[in-house]
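*Asks:* Need a 3D model of the sequence below.
(one chain, ligands or ions: 1)
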Amino acid sequence: MSEAVHTLEGWYCLHDFRAIDWNIWKSLTAQERNRAEDELYSLLGKYQQTEDQKQGSTAFYSIVGQKADFVFMHLRETLEELNELETEFNKSLFAQVTVPTYSYVSIVELGGYMAKPGVDPMEDPEIVARLKPALPKARHLCFYPMNKRREGNDNWYMLSVEERRNFMRSHGMIGRNYAGKIKQIITGSIGLDDWEWGVTLFAEDALQFKKIVHEMRFDETSARFGDFGDFYVGNLLDKQKMEAMLRL
Ligand code: VOV
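*Replies:* Numbering: from 1, shown residues only. The predicted model follows:
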């Protein structure tokens with residue numbers, strides 16, 4: 001039996017991917033479209049208020065390609081609050097022109113491989129800020145779920161904690177090369193959704209997503225043990241950008 005790594009958890013996370021049914025959107029009257037947009041923007045205003053009160057955070061991005069048109073990434077203290085957000089949006093007029101295409105439920109996680117022994121991390125404001133972050137408003141977002149492989153000799157969970165710590169050290173060395181270029185939010189989802197982690201990356205330059213995933217792919221941590229779900233990539237949205245996207 002290998003020793004489980006101690007993890008720290010922060011805010012719960014919901015990635016809510018939606019497509020817009022443009023036929024329905026175009027079939028509405030101008031007045032109905034205005035009402036639907038007003039509701040959406042008032043919800044965005046509420047999300048910003050929650051963020052200003054440090055009670056959570058929401059990232060709002062368009063998604064390029066056919067997998068979705070936009071994503072809300074919500075962080076909140078409890079699963080109940082995420083449920084309330086989802087239901088409140090689903091009841092909105094604007095939701096009636098959207099189609100849910102994917103969602104992911106997880107929780108902000110910091111692994112314990114690099115933890116300083118004897119220090120209570122929850123006393124460290126730095127750590128707490130990383131567990132309950134204000135999500136970046138970077139130009140681009142990339143999301144994908146991933147597992148650590150459990151197949152034959154490539155079973156991450158059968159490795160000793162020493163071996164895993166060494167792998168994660170080399171992973172972290174690569175990651176550090178992207179400090180200032182990529183902000184990563186790792187969310188754990190074992191027991192919460194279909195993969196073991198959600199990886200959400202923020203960058204001003206979308207090419208950096210390709211650079212870091214490519215470089216990590218050659219590192220044994222990912223080369224041997226990384227299994228990946230679908231990738232989603234997109235661009236920062238705000239009220240003005242959404243108005244332009246929705247304008248007929
Ligand atoms: C953008 C930079 C970046 C940086 C600096 C970075 C650093 C670190 C450190 C120091 C640690 C260990 C924390 C601890 O345990 O103290 C981690 C942890 C983790 N990472 Fe990471 N990662 C980055 C980026 C980064 C990427 C791009 C990916 C996807 C990997 C790929 O192949 O697509 C990733 C994955 C993970 C995961 C799934 C975990 C948890 C693994 C576990 O088993 O617990 N991560 N990550």
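*Asks:* So in terms of bridging, what pairs with Asn235?
*Replies:* Asn235 has these beta-bridge partners by DSSP bridges: His140.
*Asks:* so who does it touch?
*Replies:* Going by CB atoms under 8 Å, 6 or more residues apart in numbering, Asn235 touches Tyr61, Ser62, Val64, Arg139, His140, Leu141, Lys241. To be clear about C-beta, it is placed using only N, CA and C from the backbone, and glycine gets the same treatment.
*Asks:* Contact partners for the most centrally placed residue in the chain?
*Replies:* Against the mean C-alpha coordinate of the chain, by CA atoms, centre = their mean, the closest residue is Thr200 at 4.0 Å. Under the criterion of CB under 8 Å, 6+ apart, the contact list for Thr200 reads His15, Ala59, Met73, Leu141, Cys142, Phe143, Gln184, Ile185, Ile186, Thr187.
*Asks:* Can you select the buried ones among the contacts of Asn235 for me in PyMOL?
*Replies:* To isolate the buried ones among the contacts of Asn235 in PyMOL, judged by 16 or more other CB atoms under 10 Å, type:
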select buried, resi 61+62+140+141
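*Asks:* can you tell me which of the contacts of Asn235 are up against the ligand?
*Replies:* Contacts with the ligand within those, as defined by CB under 6 Å from any ligand atom: none are present.
*Asks:* Mind putting the contacts of Asn235 into CSV with pLDDT?
*Replies:* Below are these laid out as CSV (pLDDT from 0 to 100):
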residue, pLDDT
Tyr61, 98
Ser62, 98
Val64, 98
Arg139, 98
His140, 99
Leu141, 99
Lys241, 97
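*Asks:* element containing the residue nearest to the centre of the chain?
*Replies:* Using DSSP states H and E, Thr200 falls within strand 197-203.
*Asks:* Output the set of residues of the chain in proximity to the ligand.
*Replies:* Neighbours of the ligand within the chain, by CB under 6 Å from any ligand atom: 5, 110-115, 146, 148, 168, 171-172, 175-176, 178, 182, 184, 186, 197, 199, 201, 212-213, 216, 222, 226.
*Asks:* and the helix or strand of the chain with the lowest mean pLDDT, what does it pack onto?
*Replies:* Across the helices and strands of the chain, mean confidence by mean pLDDT, DSSP states H and E is lowest for helix 125-131: a mean of 92. Using 3 or more CB pairs under 8 Å, 6 or more residues apart in numbering; DSSP states H and E, the elements in contact with helix 125-131 are strand 8-20, strand 98-110.
*Asks:* Make TSV out of those and add mean neighbour count and distance to Asn90.
*Replies:* Shown next, in TSV, are these (neighbours: other CB atoms under 10 Å; distance: least, CB to CB, whole Å):
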stretch	mean neighbour count	distance to Asn90
strand 8-20	20	10
strand 98-110	19	9
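*Asks:* Switch these over to a markdown table; also include mean pLDDT.
*Replies:* Listed next are the helices and strands packed on helix 125-131 as a markdown table, based on pLDDT from 0 to 100:
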| stretch | mean pLDDT |
| --- | --- |
| strand 8-20 | 98 |
| strand 98-110 | 98 |
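*Asks:* What lies in contact with the longest helix belonging to the chain?
*Replies:* In the chain, with assignment by DSSP state H, the single longest helix is helix 30-52. Residues from elsewhere that reach helix 30-52 (CB under 8 Å, 6+ apart): 25, 28, 56-58, 60, 72, 74, 76, 85, 88-89, 92-94, 96-97, 134, 238-239, 242-243, 246, 248.
*Asks:* From the residues you listed, keep the buried residues only.
*Replies:* 25, 28, 56-58, 60, 72, 74, 76, 85, 89, 92, 94, 97, 242, 246.
*Asks:* Closest one to the ligand out of these, please.
*Replies:* Ser57 (18.3 Å; CB to the nearest ligand atom).
*Asks:* Distance check, that closest one against Gln31.
*Replies:* Taking CB to CB, to the nearest Å as the measure, Ser57 falls 33 Å from Gln31.
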